[in-house]
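> sequence plus predicted model, see below.
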Amino acid sequence: MADGCLFCRIVRGEIPAKKVAEDEHCVAFRDINPQAPTHVLVVPREHVASLNEAKDPALVGRLALFAARIAREEGIADGGYRTVFNTNADAGQTVFHLHLHLLGGRQMGWPPG
Ligand code: 5GP
Ligand code: ZN
């Protein structure tokens with residue numbers, strides 16, 4: 001399953017992506033269809049399909065803190081930003097490799113659509 005997974009392939013460098021940061025656990029790259037001036041996806045190197053399958057609190061925590069680091073580097077930390085996990089159909093999840101959306105650089109509406 002992880003073999004054909006789009007984000008596993010990006011993590012392995014088999015499919016090009018605009019990577020903004022990576023470490024031994026996480027990779028962050030720009031969304032191909034950005035919904036805000038900054039729209040970065042933070043993913044674990046390890047294949048986890050969604051938040052429903054996540055078991056390791058450290059893995060989920062690392063994604064959040066990695067997003068906060070990128071927000072600082074992108075210059076949106078003080079102005080504000082949104083971090084989102086879409087999980088399954090009602091949330092519109094389309095790629096089943098856990099990813100945290102980091103969106104910023106514009107005013108966000110609430111509630112989200
Ligand atoms: P989801 O809807 O699953 O929460 O988010 C998946 C995101 O992945 C979407 O925002 C979509 O634009 C992005 N995406 C889909 N395919 C690719 C790709 O090949 N490269 C990159 N960089 N982003 C992608
Ligand atoms: Zn994967």
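Arrived safely. Ligands and ions are numbered 1, 2, ... in the order given.
> run through who's touching stretch 20-40.
10-11, 17-19, 41-46, 59, 62-63, 66-67, 69-71, 73-74, 76, 81, 101-106, 108 (C-beta atoms under 8 Å, 6 or more residues apart in numbering). Any C-beta I mention is one placed from the backbone N, CA and C, and that applies to glycine too.
> could you rerun that using 6 Å?
The contact list for stretch 20-40 (C-beta atoms under 6 Å, 6 or more residues apart in numbering) reads 11, 17-19, 41-43, 62, 66, 70, 74, 76, 102-106.
> how about stretch 77-92?
Contacts of stretch 77-92 (C-beta under 6 Å, 6+ apart): 50-51, 67, 71, 93, 100-104, 108.
> so which of these comes closest to ligand 2?
residue 50 (10.7 Å; C-beta to the ion).
> any stretches of the protein with poor pLDDT?
Low-confidence segments of the chain, defined by pLDDT under 70: 1.
> list buried residues within the contacts of stretch 77-92.
50-51, 67, 71, 93, 100-104 (16 or more other C-beta atoms under 10 Å).
> now, which of these sits nearest ligand 1?
Lowest distance from ligand 1 to the buried ones among the contacts of stretch 77-92 (C-beta to the nearest ligand atom) belongs to residue 93, with 4.2 Å.
> could you give the bridge partners of residue 30?
Residue 30 has these beta-bridge partners by DSSP bridges: residue 40.
> how far away is it from residue 40?
6 Å (C-beta to C-beta, to the nearest Å).
> repeat that for residue 29.
7 Å.
> next: residue 22.
Taken as C-beta to C-beta, the span from residue 22 to residue 40 is 12 Å.
> neighbour count: the two, which is higher?
Neighbours were counted for residue 22 and for residue 40 using other C-beta atoms under 10 Å; residue 40 has more, 28 against 15.
> how close does that one sit to residue 52?
23 Å.
> scan the protein for its longest helix.
helix 57-74 (DSSP state H).
> so which elements touch that helix?
strand 26-30, strand 38-44, strand 100-104 (3 or more C-beta pairs under 6 Å, 6 or more residues apart in numbering; DSSP states H and E).
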